[in-house]
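Asks: let's see this in three dimensions:
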Amino acid sequence: MLQKSNGLFTSKLSLMVFILYILLFVNQGILVTASQNLNNTYEYNTVTAVLFTEVLKLIISSCLYLKSHSLIDYGLEILKYKGILLLYFVPAFLYCLYNNLSFTNLSSFDPTTYYLLLQLRVVITGILFQIIFSKTLTKMQWISLIILTCGCMLKQINFNEAKETSVSDKFTSIGMGINTIYLFVQILCSCLAGVYNEYLLKKQGANVDIYIQNVFMYLDSIVCNLFILLLFGNITGAFDFTSMGQIFHFKVLIVILNNACIGIVTSFFLKTMNSILKTFASALELILTAISSWILFGIPIYLNTFLSICTVLFAVYLYSKNPVSNIPKPSQEDNVVKEPLLTEEV
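Replies: Here you go, the predicted structure:
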């Protein structure tokens, strides 16, 4: 069943990537929240944390490539496809903003609300997917996207006349201030970066080794994060003794490691599946996030949250009956795809 090209998953590997992608993202929301202090702020420089994450991703991708290639091949591939390296500055900058805004938004929203509101990106992703890949979504696919969006909106409806007050109320009240704008910007970055990254993986860079594509992405991301540090005038303070001590705290290191794994797995996700399925994978994170947040942080699951999650899962079911297919045509380099390497990495 998994081998059918018109199904959700084309192989057991793609199913494994799908599950791992969900688990890593659930972990990220929980870990970032756990790394906050009592005032819902961070004692470490979050931009520096993102920068170290990109450096770790670059090291991992380079090591995986060098496992089956020489250092000379590594350099030649980068020189050969330097044009693709420049193209990757677009998704790299967008992902840079996305990753930095995730820390800001997770200090304003609880993990469940954060991931629910991020699902508003699905309609935008659907439109971009049609434009960039010249593929028209079917009526059922659009219905499932709209239902999923409505499910996210349900989270904002208060079915309780008198809502209980608790320590988690600082999370559940959204407001229409700067935090909402930050979240909207993050959604736009996610949509544009996800679809454009898939375009590079399957179109412009279809013949480029996936590990080299990852190297391009992370090299550009490092430059973008250094630019942000320079822009805000804290590039020197970000690497002093105190800042390094905060970054190398156990909780922060776990956040960095988990986020690095997300980046690597996401590239394989987009290579073997598509950005539409990626948005639904994100939706499936909701149940695990809600339960984990309730157990670990005492964040209650209200009726609106329960109904919202049920609606999102129904949308996922509808989509699974008629998924988008955007599998790249096999090339000579794809014939030596690194499925065993990915298994080892995971």
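
Asks: ok, residue 87 touching residue 208?
Replies: No. Applying Cβ atoms under 8 Å as the test, residue 87 and residue 208 come out as separate, 10.6 Å apart. Quick note: C-beta positions are derived from backbone N, CA and C, even for glycine.

Asks: of the two, who's got more company?
Replies: residue 208 (20 against 17; other Cβ atoms under 10 Å).

Asks: three-state assignment of that one?
Replies: Under the three-state scheme (DSSP: H, G, I helix; E, B strand; the rest coil), residue 208 adopts coil.

Asks: so who does residue 219 touch?
Replies: Contact analysis of residue 219 by Cβ atoms under 8 Å, 6 or more residues apart in numbering lists 58, 85, 88.

Asks: what of residue 104?
Replies: 46, 179, 182 are the contacts of residue 104 under Cβ under 8 Å, 6+ apart.

Asks: that one sits in which helix or strand?
Replies: Assigned by DSSP states H and E, residue 104 belongs to helix 89-106.

Asks: now do the same contact list for residue 147.
Replies: For residue 147, the contacting residues are 311, 314, 315, 318, by Cβ under 8 Å, 6+ apart.

Asks: for those residues, which ChimeraX command selects only the ones that are buried?
Replies: Only the buried entries of the contacts of residue 147 go into this ChimeraX selection, using 16 or more other Cβ atoms under 10 Å:
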select :311,315,318
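
Asks: and for the closest residue to residue 224 other than its chain neighbours, the neighbour number?
Replies: Spatially, and ignoring its direct neighbours in sequence, residue 224 is nearest to residue 96 (4.0 Å; Cβ to Cβ, 6 or more residues apart in numbering). Using other Cβ under 10 Å, residue 96 has 26 neighbouring residues.

Asks: so residue 96 makes contact with residue 223?
Replies: No. In this structure, residue 96 is not within contact of residue 223 by Cβ under 8 Å, at 9.0 Å.

Asks: relative to helix 89-106, how tilted is the helix or strand following the helix holding residue 104?
Replies: Using DSSP H and E, the helix or strand that follows helix 89-106 in sequence is helix 111-118. Helix 111-118 runs at 140 degrees relative to helix 89-106, counting by axes from the mean of the first three to the mean of the last three Cα atoms, to 10 degrees.

Asks: what packs against helix 111-118?
Replies: helix 12-34, helix 178-199, helix 275-297, helix 303-321 (3 or more Cβ pairs under 8 Å, 6 or more residues apart in numbering; DSSP states H and E).

Asks: now do 10 Å
Replies: Helix 111-118 is packed against helix 12-34, helix 89-106, helix 139-154, helix 169-172, helix 178-199, helix 275-297, helix 303-321, with contacts defined by 3 or more Cβ pairs under 10 Å, 6 or more residues apart in numbering; DSSP states H and E.

Asks: any buried residues in the fifth one, and which?
Replies: Buried residues in helix 178-199, defined by neighbour count with 16+ other Cβ under 10 Å: 182-183, 186-187, 189-199.

Asks: which intervals of the stretch 151-300 of the chain have sub-threshold pLDDT?
Replies: 155-156, 158, 160-177, 233-234, 270-271, 274-276, 278-280, 282-283 (pLDDT under 70).

Asks: closest to residue 62 among the buried residues of helix 178-199?
Replies: residue 197 (18.8 Å; Cβ to Cβ).

Asks: that closest one contacts residue 210, correct?
Replies: No. Between residue 197 and residue 210 there is no contact, the gap being 11.7 Å when judged by Cβ atoms under 10 Å.

Asks: report how many residues lie close to residue 53.
Replies: Residues lying near residue 53 (other Cβ under 10 Å) number 24.

Asks: returning to that earlier point: identify the contacts common to residue 87 and residue 208.
Replies: Jointly contacting residue 87 and residue 208 under the rule Cβ atoms under 10 Å, 6 or more residues apart in numbering are 81, 200, 216.

Asks: who wins for most neighbours among these?
Replies: Of the shared contacts of residue 87 and residue 208, with other Cβ under 10 Å as the count, residue 216 tops at 27 neighbours.

Asks: isn't that one right up against residue 88?
Replies: Yes. Using Cβ under 10 Å, residue 216 makes contact with residue 88 at a distance of 4.2 Å.

Asks: quick one: the helix or strand harbouring residue 219 to helix 89-106, angle?
Replies: Residue 219 is part of helix 210-231, with elements assigned from DSSP H and E. With the same axes, to 10 degrees applied, the angle from helix 210-231 to helix 89-106 works out at 60 degrees.
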